[in-house]
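**Q** output the structure for:
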Amino acid sequence: MIKEIIKLSQLTKKKISFYIIIQMVITFVFITIVLNMILESTIKTSNLNNAVNGIYKISDDLFENDERLFFNQSDNVIILKKFYSWLNHQFDYIVLNHQNLQIEGKEFPDMFKLGYEYGESIPDIYKSIQVNDYFFEYFSIDIDNGRLFEDDDYDISNEIVPILMGNAYKEHANVSDKIQVYYCGKDLTCEIVGFLEDGAYFINGIDIQSLNRYIVMPSFESLTTESTTDKEQRSFELKVYLDKCNGFISSGEAGSSIQNMITSKCYELDVRPFLVEGVTSFYLTMWGLEGEQLYQLLVTITIVMLIIAVFCISINMAGKILFLKKDLSIYISNGLRAKTVLLALFLEILSCNMFCAILGSLMAVLVYGSILFIPLFFIAFINSIIEMIYPAIVLKKINISKTLRGNY
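**A** So this is what the prediction gives:
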């Protein structure tokens, strides 16, 4: 009997039902897009779940003349090496320095150059960061092609320096390409060993930055804590190690406790205490301002379309009940329960919603590589229940005896 009622309903107002199904399919396409954006955002946020908690910036207190005096004292290289070694062993320490590179003999598009975001690209100066091994672990950064840095890559005496390129460089360079760079007063020969995965991010202490257009260098380390006799090399090591000591600490301890530990160590090494600063909290956004506006627009459109679709299906099903009320009244008068009629109509609506959910799920797998079966099926089931509320009220109000007598 349920099959007969479903078949009878499907043969009624077929054209309107077809248009409503198309509308539901489009609605579920929008739902799939929004759910995928939410899923992507959740994954990225979970990878950066420590970005605003338990991370502290370590900064030196050297400015202008004090900094010049510091660089003129050769023994400070030894002090910085010892301080860095202590930081690295005492804490989960992240080296993240922003020394941009001057590239010689090779030109990349302006989009990679410093200042591009502000409409004023600086010729031959490219965005770059210098990092340690823990940087990749902390920010869950992986490789798309090639390899990440190995232990030997951080050796300051390497004649050829391995570098990693952001994912956007893939169209403009290849693994094993060599480029000449100018870094901290020294000319270096660098070799590309890999390209980072698309969508890799890091926090710079203020907000989240995409690594897609960055060049990543290993933060150099010396095999000895002694100072070299070569003046030029000593100056280079001093700059490198001062940068290395201006990193980030990941710790569950209070900032004041970390500051006390660092101050005590600095006094022990006879150097001006480094400062501990809490990283600024911010809203984690994966798409930037324009992307956020697009996301909000898609959410609004999806909600509106979903409401319209629910309303149309509900009204259409109620109209079918009124159009078929004589047939339904005959079924009920012959002993069929009204609940069975409602169940048949609910199954028709549910099958329509599930069909749309299946299409949306297939789209998520094929286009985004995401599995969204459960949330889409849940939305389809809830929709079906809501869409049956008004038809159930209409069916309940039908006066069977009057309908059978023809007084309707």
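**Q** from here on, just use CA atoms for contacts and neighbour counts.
**A** Noted.
**Q** bridging residues for I58?
**A** For I58, the beta-bridge partners are V276 (DSSP bridges).
**Q** can you tell me the closest non-neighbouring residue to G194?
**A** Using C-alpha to C-alpha, 6 or more residues apart in numbering and skipping the chain neighbours, the partner closest in space to G194 is G146 (3.9 Å).
**Q** isn't that neighbour up against D177?
**A** No: here G146 lies out of contact with D177, judged by C-alpha atoms under 8 Å, at a distance of 11.9 Å.
**Q** which one of these two has more residues nearby?
**A** Taking neighbours as other C-alpha atoms under 10 Å, G146 and D177 compare with G146 leading, 14 against 10.
**Q** packing partners of the longest strand anywhere in the chain?
**A** If you go by DSSP state E, the chain has its longest strand at strand 186-196. Strand 186-196 makes packing contacts with strand 143-146, strand 160-165, strand 178-183 when contacts are defined by 3 or more C-alpha pairs under 8 Å, 6 or more residues apart in numbering; DSSP states H and E.
**Q** relative to N383, which of these is closest?
**A** strand 143-146 (40.5 Å; C-alpha to C-alpha).
**Q** gap between the two ends of stretch 389-403?
**A** 22 Å (C-alpha to C-alpha, to the nearest Å).
**Q** now that stretch, how far from the chain's geometric center?
**A** Counting by C-alpha atoms, centre = their mean, to the nearest Å, stretch 389-403 is centred 51 Å from the centre of its parent chain.
**Q** what's the answer for stretch 344-364, then?
**A** The answer for stretch 344-364 is 30 Å, by C-alpha atoms, centre = their mean.
**Q** may I see the buried residues of that stretch?
**A** 344-350, 352-364 (16 or more other C-alpha atoms under 10 Å).
**Q** filter the residues you listed down to just the ones in helices.
**A** Within the buried residues of stretch 344-364, residues falling in helices by DSSP state H are 344-350, 352-363.
**Q** mind saving the C-alpha coords of the longest strand of the chain as CSV?
**A** Output of strand 186-196 as CSV, limited to C-alpha atoms (Å, rounded to 0.1, in the frame of the first residue of the first chain):
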residue,chain,number,x,y,z
LYS,A,186,77.4,36.9,2.2
ASP,A,187,77.0,35.5,-1.3
LEU,A,188,75.7,31.9,-1.2
THR,A,189,75.0,29.2,-3.8
CYS,A,190,71.7,27.6,-3.1
GLU,A,191,70.1,24.4,-4.4
ILE,A,192,66.3,23.8,-4.5
VAL,A,193,65.7,20.5,-2.7
GLY,A,194,61.9,20.6,-2.6
PHE,A,195,58.6,22.5,-2.8
LEU,A,196,56.3,22.9,0.2
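**Q** ok, residues contacting it?
**A** Applying C-alpha atoms under 8 Å, 6 or more residues apart in numbering, the external contacts of strand 186-196 come out as 141-148, 159-167, 169-170, 174-182, 211-212, 236.
**Q** quick one: average pLDDT of it?
**A** Averaged across strand 186-196, pLDDT comes to 94.
**Q** cool, and stretch 215-228?
**A** 81.
**Q** same deal with stretch 257-276?
**A** 92.
**Q** what's the answer for stretch 379-398, then?
**A** 87.
**Q** sort out which residues of that stretch are buried, please.
**A** Those would be A380, F381, N383, S384, E387, M388, P391, A392, V394, L395, I398, for stretch 379-398 by 16+ other C-alpha under 10 Å.
**Q** other residues contacting it?
**A** Residues contacting stretch 379-398 (C-alpha under 8 Å, 6+ apart): 310-311, 313-315, 317-318, 321-322, 325, 338, 342, 346, 349-350, 353-354, 357.
**Q** for PyMOL, what selects the buried ones among the contacts of strand 186-196?
**A** Those of the contacts of strand 186-196 that count as buried under 16+ other C-alpha under 10 Å are selected in PyMOL with:
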select buried, resi 141+143+145+148+161+162+163+164+165+166+167+169+170+174+175+178+179+180+181+211+212+236
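**Q** the helix or strand encompassing E67: what's the following helix or strand?
**A** Here E67, judged by DSSP states H and E, is contained in helix 65-71. Downstream of helix 65-71, the first helix or strand assigned by DSSP H and E is helix 76-90.
**Q** show me what that following helix is packed against.
**A** helix 231-244, helix 255-269.
**Q** from the rest of the structure, what touches it?
**A** 70, 93, 225-227, 234, 237-238, 241-242, 244-245, 265-266, 269, 271.
**Q** spatially nearest residue to I208, not counting backbone neighbours?
**A** F202 (5.7 Å).
**Q** state the distance from the one you found to I94.
**A** 11 Å.
**Q** could you do G278 as well?
**A** 14 Å.
**Q** neighbour-wise, which of those two wins?
**A** Higher neighbour count among G278 and I94: I94, with 27 against 18, using other C-alpha under 10 Å.
**Q** surely that one is in contact with Q130?
**A** No: the pair I94 and Q130 fails to qualify as a contact (C-alpha under 8 Å) at a distance of 10.4 Å.
**Q** and the helix ranked longest in the chain, which residues are buried?
**A** Determined from DSSP H, the single longest helix within the chain is helix 288-323. Using 16+ other C-alpha under 10 Å as the test for burial, helix 288-323 gives 295, 298-299, 302, 305-306, 308-310, 312-322.
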